[in-house]
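*Asks:* Have a look at this prediction, sequence included:
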Amino acid sequence: MGPTIKLSSGYEMPQVGFGLWKVDSATAADTVYNAIKTGYRLFDGACDYGNEKQCGEGISRAIAEGLVTRSELFITSKLWPVFSDSDKVEPACRRSLSDWGLEYFDLYLIHFPGALKYVDPAVRYPPGWFHDGQSAIVRSQTPLHVTWGAMEGLVGKGLARSIGVSNFQAQLVYDLLRYATVPPAALQIEHHPYLVQKELLALAKAEGIAVTAYSSFGPASFLEFKFKHAEAMVPLMQDELIVGIAAKHGKKPSQVLLRWATQRGLAVIPKTSRVGVMAENLDVTGFDLEQDEIDQITAKDAGIRFNQPSNYFSTDKMWIFG
Ligand SMILES: NC(=O)c1ccc[n+]([C@@H]2O[C@H](COP(=O)([O-])OP(=O)(O)OC[C@H]3O[C@@H](n4cnc5c(N)ncnc54)[C@H](OP(=O)(O)O)[C@@H]3O)[C@@H](O)[C@H]2O)c1
C-alpha cells in the first residue's frame, strides 16, 4: 500500500484514492476492478453517484479472485442532504452499505451542508437535489448538530469507522467542533490551483482534520457540463507553469497537480475512465517538487469554484457557498 494519512479516529486512510463521480454505472464494476488491479485501495463513492451497486460488484470480483481483502480496502460513501433528519441517517447509510455489499464504511461523509426535505428511496433513488425530481428545492429544518449526532451513532454501531464532512467551510466546521463527541476525521473539498482555500486548510490542520482534495484537475471535470467559467480557464494540464514543472521532473502535468496536493499533506482522489491513465494518477507520491515550485502553483489561486450546486440548476435556488 502507498502512503497513508492517520485519521483522528485512529484509522489509516490511503493518501491517493480513486474518485467515482461520473463513472458510468455500465462500466463502474470493471473500472473499480481494474483500479484495484492497478493498486488503488481507496474508493470515493456516494449515494448521489448512482453507481454504488456496480462499484460494489467490482470489489466483490476483486476479493473473490484474491486480488485484495476487505480490510485492505478503504471505502468512502456520503450522506445525501435529503437524509439529514435524525431517523434517516442510519437507513441511508445502510442502503449504501447494502448496495456496495459491505458491512461497514471506512469513512462516511455528510456530502453537502444544507439539509433538504426527505425523499423516500421508494419514490426516487438517488434522490438528487429536487424534491419533486424537477425543480423544487425544499429545505428540512434539521440542524447540523442533529445530523451529526446520528452520524456519531453510525460509529457506535460499527457501520462507519470514521465520519466526516464535505463541502463545509470554516463557519460550519467551528460549529460542529463545539458539540461533536466524535470529531470529524476528514474534510473533503474542491481544491486545485484555481481554488486553494488556504485558510480552510489551516483550520483543518489546526484541528487535526485530514483534508481530501476533489476535482484536483480543476476545470477538466466540469467541461462536460459546458460550464462557461470552466471553458474560459486555461486547462491546468496545459498551463505554462505546470507544463514546465512537469517537463523538469519528467512527469505529466496531471501528476504535478496531484503531487502539489499530496506533498502538502492532502489526500487526492482522481477519477479516470481510462485504464491506461489509472497507474499515472496513482504514482503521485514518489517524487518531490521544489518548495519554490509548490509556492508558484499555490500563487495561481483565483478563488474559482466549479462545483457550486447552483451551477447544475436551471435557475439559482440554493447558495451553499454564498
Ligand atoms: N464531495 C463532493 O462534493 C465531490 C465533488 C466532486 C468530486 N468529488 C470526488 O472527487 C473525485 C475526483 O474529482 P472529479 O471527478 O470532479 O475530477 P478530477 O479527478 O479532477 O478530474 C476528472 C477529469 O479529468 C480527466 N482525467 C483524469 N485523469 C487524467 C489525466 N491523468 N490526464 C488527463 N485527464 C485526466 C478525466 O477524464 P477521463 O475519465 O476521460 O480520464 C475527467 O474528465 C470524484 O470522482 C469524486 O469521487 C467529490
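*Replies:* Everything's here; your move.

*Asks:* can you count the residues close to A136?
*Replies:* Neighbours of A136 under the rule other CB atoms under 10 Å: 11. Where you see a C-beta, it was placed from the backbone N, CA and C, and this is true even at glycine.

*Asks:* what's the distance between it and the ligand?
*Replies:* 21 Å (CB to the nearest ligand atom, to the nearest Å).

*Asks:* quick one: that residue and E52, what's the gap?
*Replies:* Distance, A136 to E52, using CB to CB, to the nearest Å: 25 Å.

*Asks:* One more: D301?
*Replies:* From D301 to E52 the distance is 34 Å (CB to CB).

*Asks:* Looking at those two, which one has more neighbours?
*Replies:* In this view D301 and E52 are compared by other CB under 10 Å, and E52 has more residues nearby, 26 against 14.

*Asks:* before we move on, which element is the spatially closest residue to the more buried one that is not a sequence neighbour in?
*Replies:* Excluding the flanking residues, the one nearest E52 by CB to CB, 6 or more residues apart in numbering is D99, at 3.9 Å. Using DSSP states H and E, D99 falls within helix 89-100.

*Asks:* Check which helices and strands that helix is in contact with.
*Replies:* For helix 89-100, the packing partners by 3 or more CB pairs under 8 Å, 6 or more residues apart in numbering; DSSP states H and E come out as helix 52-64, strand 74-79, strand 105-110, helix 144-156.

*Asks:* residues contacting L187?
*Replies:* Taking CB atoms under 8 Å, 6 or more residues apart in numbering, we find L187 in contact with 164-166, 168, 173, 200, 204, 209-212.

*Asks:* Please convert those to TSV, extending it with pLDDT, distance to the ligand and secondary structure.
*Replies:* Output for these, formatted as TSV (pLDDT from 0 to 100; distance: CB to the nearest ligand atom, whole Å; DSSP: H, G, I helix; E, B strand; the rest coil):
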residue	pLDDT	distance to the ligand	secondary structure
G164	99	10	strand
V165	98	9	strand
S166	98	4	strand
F168	98	10	coil
V173	98	15	helix
L200	98	14	helix
A204	98	15	helix
I209	98	15	coil
A210	99	14	strand
V211	99	12	strand
T212	99	8	strand
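
*Asks:* Perfect, I'm done here.
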